[in-house]
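>>> Mind folding the following:
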Amino acid sequence: KHGGCARGRQDKQSEGRRVVFMGDDTWEGLFPKKFFRSYFFPSFNVKDLHTVDDGILQHLYPTVDSGEWDVLIAHFLGVDHLRWGGVASWSLVDHLGNDTLLLVAGDHGMTETGDHGGDSEKEVNAALFVYSKTPLFGTSPPEEPEAVPQVNLVPTVALLLGVPIPYSNIGEVMAELFSGDGDAVSAALQQLSVYHINAKQVDRFLHSYSLVAQDLPAEQLQHLQELFSGAMEEHTQLLAQVQGETLVPPALESRLGSLISRFQLYLREARAVCTQSWARFHPLRMVGGCTLIAASCLLCYVASELAASSGSFYRSCLLYPLLWGLVVAVLLGLAHAFTQEGLDLLLVLSWAAAASQLGFFWHWWGQYPKRRLRACLRLAFPMGILLFRCGAMFSDSFVVAEARVAPFLLASLVMLLVGKLHWDGRLTVPEGPKQQLLGFSSYRREIWYLLCLVAMLLVCVRLSGFFHQCREEIPQCRPSLFLSPLASLRNTRAKNLFYLLCVALLAGLVYAVRSWLRHYGNLNSSDPLVLFVRWCFPLVVLCIACYWAVASSADDSLGKLQELVQVAVVAFPWAVYGLASVGLLLLLCNPMTVFAKDTRESAGSIVTPYLGVPSSEVDFLHVIPQIYKRMQESQKSRLERGSCKATVAAYGLGSVYSAALVIALTLLGFLLMLLHSERLSLAFLLLFLEAFVLLHIHTRAKGLPFSVPWYAVISWLLAASQFFYSTGHQPIFPAIHWNAAFVGFHLDHSTNLLPAVLVGANTFASHILFAVGCPLLLLWPFVCEMPSSQKKKPKKEPQEELQEVEEHMMEMRLRESPEKFSTALLQLGLKYLFVLGTQLLACVCAAMILRRHLMVWKVFAPKFLFESLGFMVSSICLLLGISLVMRVDCAVSTWFSQLQLR
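Numbering: from 1, shown residues only. Alright, predicted model coming up:
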């Protein structure tokens with residue numbers, strides 16, 4: 001987006017080209033080590049008007065006078081940063097030789113205010129000045145400047161320098177520069193020659209391109225082929241006639257002009273066909289797509305607010321609109337079938353979705369008039385929080401720096417949450433007369449725990465920044481050392497230390513998960529899933545550790561050991577794949593991790609505790625009455641409970657839903673860590689730790705028991721975005737970890753599906769983990785329910801104590817209200833989709849509105865693609881996470897039914 005000038009010398013005798021560059025240092029990133037000599041100057045500061053231009057002028061004239069160059073490129077920036085002015089080139093004319101061509105050009109224009117990047121006439125048009133001491137034009141130049149497409153510069157400069165035209169060029173040579181200083185016939189023959197070369201190059205490109213891509217219309221390609229074939233045939237005949245003539249007849253002169261016109265027609269129509277196909281925008285479809293996404297987001301929000309309504313809500317606002325959409329899709333399909341036109345599946349699905357959404361909003365607006373205004377007003381709260389996140393999508397600078405924006409928004413949201421809790425008085429105890437007199441409030445003890453959690457979160461956010469990947473738009477950035485595999489380290493001691501640290505952290509994760517499950521009683525049974533967690537989790541860690549060991553030392557092994565290493569590099573990943581698959585299948589078949597124990601014989605023991613050998617007769621007299629008393633109490637208790645049902649102690653029942661999710665997340669974490677480099681396991685450990693901290697912060701700040709607040713959902717998604725960058729990714733194609741496709745494979749795949757899945761899992765690892773773990777936002781407050789029996793309270797009657805213990809049922813409280821449980825899951829899923837959809841909507845609108853922006857294909861289009869894929873992956877994984885919770889709920893119902901039969 002900067003102006004500049006280019007100068008070239010025709011030197012057809014030399015085989016190579018000595019290209020000298022001076023100016024904007026962006027060229028260094030685009031063409032590293034490609035210049036014979038270069039003078040780069042920093043261009044990031046747009047307020048710096050002199051550094052680049054002064055540096056160019058310092059080296060420009062000495063370089064031109066030295067003659068040690070074939071092509072000299074000088075990229076000035078002052079004219080762009082200053083937004084008006086020009087480059088003084090006239091003083092350079094005296095330094096040019098007779099065989100030198102001077103071109104002064106800009107890649108864009110400017111408005112009256114100096115802005116550019118839009119599609120107005122002044123912004124898309126730029127000046128081109130061409131000068132040479134040798135006459136270029138056979139006749140005097142036209143009075144009015146001619147408009148020339150920028151793509152025409154490519155073949156023109158290439159032929160002037162005597163190099164082949166680039167393969168993918170669709171431009172047309174500027175014939176005026178090939179007229180020479182001879183007569184009209186010689187000029188026409190020279191122009192015909194360059195047009196012939198240009199046309200053959202374009203035809204070769206279109207032929208090769210049409211074999212790979214199918215986006216160019218076949219009938220138009222056929223028409224272009226006919227034009228080219230006719231022009232080539234006439235060219236052959238005309239040259240055969242001209243070769244034997246010393247004086248070209250007037251009739252042949254007219255045929256020369258006609259043939260040049262035919263080549264021009266072919267080249268211009270070819271460019272028009274390509275431009276129409278490649279730079280084609282459908283504004284109406286764009287607006288329709290944005291409208292559908294916006295309506296879907298609004299639908300998710302409204303449905304989440306109305307999900308707690310009566311049963312008629314599901315029929316009128318969910319079932320009936322779905323039927324509307326199916327009916328519209330069927331009608332459109334029948335219409336296309338009867339009219340015998342091509343079925344546009346995308347258009348049919350769009351109309352079906354629109355009909356379904358119209359049906360939803362029609363029923364909602366008609367049947368819930370009191371709630372519609374309140375729902376619209378409450379929409380301002382989540383949209384206000386998402387404003388910064390979505391607004392950043394419209395700025396290329398913020399998209400480039402999003403790796404720092406997402407953590408900042410997450411930390412800010414948590415800090416604002418603490419401030420809101422304090423403002424609402426939830427962190428202070430009610431003021432007594434003494435506090436009111438002194439004028440201060442005393443804080444609850446939980447505030448210190450909450451502040452410690454916030455501090456841990458900030459530490460995790462800060463540490464996650466060490467695992468960053470760089471974009472080429474930030475040249476001063478250096479990628480994290482943790483992204484490279486251990487095999488790239490040459491220091492053996494450092495490699496061993498990092499390896500031991502990664503394995504220790506992996507073992508620590510398994511220890512933490514098993515300790516959590518053991519704490520809540522989910523490791524007491526002998527079910528296959530529990531046995532798998534006990535014995536196969538360490539085995540998975542061992543396989544990953546062995547794979548890391550052989551992969552990091554694969555280049556150092558020799559001879560037969562090399563063959564063994566190659567086998568191990570494939571075998572250990574497949575062992576991890578197999579064990580993880582077995583664990584997930586066991587989780588789906590029987591997700592129960594509950595141990596039931598019959599407590600009918602759990603009365604006090606008849607035998608008294610052993611206190612040593614009786615030393616006197618008095619001790620015997622004390623023991624015998626105590627035994628008799630115990631026997632009497634036991635008999636009385638059995639008589640009283642003879643007609644009562646047996647009681648069962650269930651260990652792990654209060655955390656059965658969360659335990660299944662924790663096991664699933666651990667298995668997925670193993671798989672995803674395997675697909676990344678070894679040292680990124682540190683980032684995954686931070687991911688799990690930050691998620692754990694967020695869950696506890698949410699538990700401390702939670703309000704209603706069967707509802708997940710908006711701040712929790714938004715913070716959960718911000719953490720997913722944060723760790724997308726903290727696992728070494730960026731929304732650009734060069735940052736994709738393609739080596740993940742070959743973990744467990746010897747560089748051979750019979751299909752593209754499996755490597756696509758592996759690379760996708762590597763890229764969207766954080767999206768997968770946070771989406772599958774999303775139901776924990778609903779379950780975790782019930783898991784962390786602390787029994788009040790731990791607190792110091794007055795002694796109560798046994799019946800009251802039993803009733804108080806029953807009040808703390810943890811996740812079994814969800815089964816007391818099955819409708820509320822299912823409604824809460826639906827609300828959580830809709831809220832998650834709403835936030836995801838809002839971010840996607842911002843990216844879509846940014847790509848649509850800024851489709852003519854200079855950075856659309858560099859920044860906005862890749863961001864849109866990655867955000868769309870992330871939305872799809874997150875939606876699928878969210879559905880899988882909720883489905884797992886529902887599967888556990890079905891298993892719990894079956895367990896209770898079997899227990900009643902016993």
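
>>> Please name the nearest non-neighbouring residue to residue 886.
Residue nearest to residue 886 in three dimensions, not counting chain neighbours: residue 825, with 7.6 Å by Cβ to Cβ, 6 or more residues apart in numbering. C-beta: built from backbone N, CA, C; applies to glycine.

>>> Residue 131 contacts residue 92, correct?
No. Residue 131 is beyond contact range of residue 92, at 9.3 Å (criterion: Cβ atoms under 8 Å).

>>> Name the residues contacting each of these two.
Common neighbours of residue 131 and residue 92 (criterion: Cβ atoms under 8 Å, 6 or more residues apart in numbering): residue 102.

>>> Quick one: residues contacting the residue nearest to residue 886.
Applying Cβ under 8 Å, 6+ apart, the residues near residue 825 are 775, 778, 882, 885, 886.

>>> now do residue 321
Neighbours of residue 321 in contact, by Cβ under 8 Å, 6+ apart: 355, 356, 357, 358, 359, 360, 363.

>>> Restricted to helices, list the residues you listed.
355, 356, 357, 358, 359, 360, 363 (DSSP state H).

>>> Mind putting those into a markdown table with pLDDT, distance to residue 185 and neighbour count?
Shown next, in a markdown table, are these (pLDDT from 0 to 100; distance: Cβ to Cβ, whole Å; neighbours: other Cβ atoms under 10 Å):
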| residue | pLDDT | distance to residue 185 | neighbour count |
| --- | --- | --- | --- |
| 355 | 75 | 68 | 21 |
| 356 | 76 | 71 | 24 |
| 357 | 71 | 69 | 20 |
| 358 | 75 | 70 | 15 |
| 359 | 71 | 74 | 22 |
| 360 | 73 | 75 | 23 |
| 363 | 67 | 80 | 19 |
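
>>> Let me know the closest of those residues to residue 210.
residue 355 (38.1 Å; Cβ to Cβ).

>>> Which residue is the nearest non-sequential neighbour of the closest one?
residue 328 (4.0 Å).

>>> Checking that neighbour next. Helix, strand or coil?
helix (DSSP: H, G, I helix; E, B strand; the rest coil).

>>> Can you give me the neighbour number for it?
19 (other Cβ atoms under 10 Å).

>>> so residue 507 touches residue 539, yeah?
No. Here residue 507 does not reach residue 539: they are 12.0 Å apart, not a contact under Cβ under 8 Å.

>>> starting at the chain centroid, how far to stretch 471-482?
18 Å (Cα atoms, centre = their mean, to the nearest Å).

>>> Would you mind listing the buried residues in it?
471, 473, 475, 480, 482 (16 or more other Cβ atoms under 10 Å).

>>> So which of those is the closest to residue 172?
Using Cβ to Cβ, those come closest to residue 172 at residue 473, 32.6 Å.

>>> For the closest one, which non-adjacent residue is closest in space?
residue 400 (4.9 Å).

>>> Would you mind listing the residues in contact with that neighbour?
Counting by Cβ under 8 Å, 6+ apart, residue 400 has contacts 471, 473, 474, 859.

>>> okay if I get those as a markdown table plus secondary structure?
Output for these, formatted as a markdown table (three-state DSSP):
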| residue | secondary structure |
| --- | --- |
| 471 | coil |
| 473 | coil |
| 474 | coil |
| 859 | helix |
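
>>> Would you check which pair of those residues lies furthest apart?
Most distant of the contacts of residue 400, by Cβ to Cβ, are 474 and 859, 12.1 Å apart.

>>> Going by length in residues, pull out the top helix of this structure.
Assigned via DSSP H, the chain shows its longest helix as helix 861-901.

>>> average pLDDT across that one?
Averaging pLDDT along helix 861-901 yields 92.

>>> pLDDT wise, what is residue 18 at?
87.

>>> Now it: closest residue in space, sequence neighbours ignored.
Residue 18 sits nearest to residue 36 (Cβ to Cβ, 6+ apart), 4.1 Å away.

>>> cool, and residue 575?
That would be residue 543: by Cβ to Cβ, 6+ apart, it lies 4.5 Å from residue 575.

>>> how much space is there between the one you found and residue 552?
15 Å (Cβ to Cβ, to the nearest Å).

>>> Let me see the contact set for residue 221.
With Cβ under 8 Å, 6+ apart, residue 221 has these contacts: 206, 210, 273.

>>> phi, psi of the second one?
Main-chain dihedrals, residue 210, degrees, to the nearest 10: phi -70, psi -20.

>>> Surely it is in contact with residue 222?
No. Shown here, residue 210 and residue 222 do not form a contact pair, counting by Cβ under 8 Å, at 10.4 Å.

>>> Tell me which of these two has more neighbours.
A side-by-side neighbour count of residue 210 and residue 222, using other Cβ under 10 Å, places residue 210 first with 15 against 10.

>>> what residues are up against the more buried one?
Applying Cβ under 8 Å, 6+ apart, the residues near residue 210 are 216, 221.

>>> Then residue 399?
392, 393, 731, 859, 860, 863.

>>> which SS state does residue 34 fall under?
Following three-state DSSP, residue 34 is assigned to coil.

>>> That one: how many residues sit nearby?
With other Cβ under 10 Å as criterion, residue 34 counts 11.

>>> For the closest residue to it other than its chain neighbours, grab the count of nearby residues.
Distance criterion Cβ to Cβ, 6+ apart; nearest residue to residue 34, sequence neighbours excluded, is residue 19 at 7.2 Å. Using other Cβ under 10 Å, residue 19 is surrounded by 17 other residues.

>>> Isn't residue 19 up against residue 63?
No. At 11.8 Å, residue 19 does not count as touching residue 63 under the criterion of Cβ under 8 Å.

>>> Show me whatever sits in contact with both of those two.
Joint contacts of residue 19 and residue 63 (Cβ under 8 Å, 6+ apart) are 69, 72.

>>> how far away is the residue nearest to residue 886 from residue 544?
33 Å.

>>> same question, residue 328
50 Å.

>>> same check, this time on residue 495
The value you get for residue 495 to residue 544, if Cβ to Cβ is used, is 17 Å.

>>> Neighbour count for the two, which is higher?
Under the criterion of other Cβ under 10 Å, the comparison of residue 495 against residue 544 puts residue 544 first, with 23 against 18.

>>> mean confidence score for the helix or strand that contains that one?
Here residue 544 sits within helix 528-552, counting by DSSP states H and E. For helix 528-552, the mean pLDDT works out to 93.

>>> Stretch 462-477 now?
Here the average pLDDT along stretch 462-477 is 86.

>>> what does stretch 97-114 give?
Stretch 97-114 comes out at a mean pLDDT of 80.

>>> Buried residues, that stretch. List them.
Buried-residue list, stretch 97-114, by 16+ other Cβ under 10 Å: 100, 101, 102, 103, 104, 106, 108, 110.

>>> and what of stretch 451-467?
Neighbour counts over stretch 451-467 (16+ other Cβ under 10 Å) mark 453, 454, 456, 457, 458, 460, 461, 463, 464, 467 as buried.

>>> one step back: pick out whichever of residue 131 and residue 92 has more residues nearby.
Higher neighbour count among residue 131 and residue 92: residue 92, with 20 against 16, using other Cβ under 10 Å.

>>> Return the per-residue confidence for the more buried one.
For residue 92, the model assigns a pLDDT of 80.

>>> now residue 387
Per-residue pLDDT puts residue 387 at 81.

>>> That one sits in which helix or strand?
Going by DSSP H and E, residue 387 is in helix 380-391.

>>> repeat for residue 74
Judged by DSSP H and E, residue 74 forms part of strand 71-75.

>>> which secondary structure elements does that strand contact?
strand 3-9, strand 19-24, helix 51-66 (3 or more Cβ pairs under 8 Å, 6 or more residues apart in numbering; DSSP states H and E).

>>> just so I know, which of these lies nearest residue 656?
Among the helices and strands packed on strand 71-75, the nearest to residue 656 by Cβ to Cβ is strand 19-24 (61.9 Å).

>>> quick one: the closest one to strand 71-75, angle?
If you take axes from the mean of the first three to the mean of the last three Cα atoms, to 10 degrees, strand 19-24 sits at 0 degrees to strand 71-75.
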